[in-house]
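predicted coordinates and the sequence they were generated for:
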Amino acid sequence: MARKSILPWVVGALGAALAVLPAQAEVAKVRIAQQLSLAFLPAMVMQKEKLLEAEMEKAGLKDVPVEWSTFAGGNSAIDAVLAGELQFASSGITPFITLWAKSNGRVKGVAAMSAQPEYLNCRNPALKSVRDLTAKDKIAVPAIKVSTQAVFLQMEAARTWGDANFEKLDPMTVSLSQADASIALMSGSNDIACTFTSQPFTFLQKKDPGIHTILNSFDTLGGPATLTMVWATVDFQKNNPKTYAAFLAAYEKALGIIHNDKKRAAQVYLDLSKDKSLSNADVVSIISDPQITFVMTPENTMKSVKFMNQVGRIKKMPASWKEMWFENVHSLSGS
């Protein structure tokens, strides 16, 4: 997938901003919320390779420390960002949509991070599609109703049984982390019938010949769609132009490493995640899947926005995808 560089925009916008803004100090520390998962690989590469520190030094901010904090889920970092205790946070796309609406646009997307499917994997061979699921078939998702997987499952229910039945599968869902859900499904010794999960858990599950996929979320969404992204507050972006531009430059370099040196990127994942279940070759194989892309362009995000608005999950509806994202991605072919 072709990527359009945002650096010309950064340079031009930063120069214009500095020409009219009075001299002011930027943040004394850059704190970033991180999740140690393959879906957040660009941020992991930024952290391990110290790319942001290098760009901060170029911007004359050498003495500003960069601090990474690990969170289990996107919701955990929301209060910290809104309180100004974190400058950047990464999450799944649907928690961000909820936050954008509830904050009345106080936060916006900095860049997309990855587009990749969620897979509904099941052990029972009688399950061929969601139509075959029964009340006894428990589906593991990270958080009932609110996680990205739970929202995608509701979208599939609406697609299958009509909009009025979007919650039809909710009573079957149980909350489990993706790691615990994967262990439960692979053990076959409990009541978890299916997991709705991303990589690398699908890769590990599919090694078991008794586990098969009955749904790819790209089918639900009508094509490739952004799964994870990074966001910040409007106030921070406005008041810290040098720091923001340095982050974007470092982010582009992280994407370049993933695209051009997959072995190096794979090792970053293994080193930071401490994942002992995969080899470097396994990770390279996963991130080489053509359905998994790491790009800054928001893809097919409005499908989720419209659904969440339609079912009452969010009240605020953007005029277009650009309303939810900062200007640095507006020139990209987003949706």
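Cool, got the structure.

now stretch 93-102: how far from the chain's centre is it?
12 Å (Cα atoms, centre = their mean, to the nearest Å).

can I get that stretch as CSV, trimmed to CA atoms?
Output of stretch 93-102 as CSV, limited to C-alpha atoms (Å, rounded to 0.1, in the frame of the first residue of the first chain):
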residue,chain,number,x,y,z
ILE,A,93,-10.5,2.5,17.0
THR,A,94,-13.8,2.1,18.8
PRO,A,95,-12.7,3.3,22.2
PHE,A,96,-11.2,6.4,20.4
ILE,A,97,-14.5,7.0,18.6
THR,A,98,-16.3,6.9,22.0
LEU,A,99,-13.8,9.2,23.6
TRP,A,100,-13.9,11.7,20.7
ALA,A,101,-17.7,11.9,21.0
LYS,A,102,-17.9,12.1,24.8
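
any residues touching that stretch, and which ones?
73-75, 78, 107-109, 146-148, 151-152, 225-229, 231, 301, 304-305, 308, 313-316, 318, 324 (Cβ atoms under 8 Å, 6 or more residues apart in numbering). (C-beta placed from N, C-alpha, C; glycine too.)

where exactly do the helices run in this protein?
7-20, 41-49, 51-58, 78-82, 93-102, 148-161, 178-187, 201-205, 217-221, 234-239, 241-260, 262-273, 280-287, 301-310 (DSSP state H).

ok, which of those helices comes nearest Asn124?
Comparing the helices of the chain against Asn124 with Cβ to Cβ, the closest turns out to be helix 178-187 (10.7 Å).

residue closest to the middle of the chain?
Thr228 (1.2 Å; Cα atoms, centre = their mean).

any quick ChimeraX command for the buried ones out of the contacts of stretch 93-102?
A single ChimeraX command selects the buried members of those (16 or more other Cβ atoms under 10 Å):
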select :73,74,75,78,107,108,109,146,147,148,151,152,225,226,227,228,229,231,301,304,305,308,313,314,318,324
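
in strands, which of the contacts of stretch 93-102 appear?
Cross-referencing the contacts of stretch 93-102 against strands under DSSP state E gives Val107, Lys108, Gly109, Thr226, Leu227, Thr228, Met229, Trp231.

what bridges to the first one?
Think Val107. Judged by DSSP bridges, the bridge partners of Val107 are Thr233.
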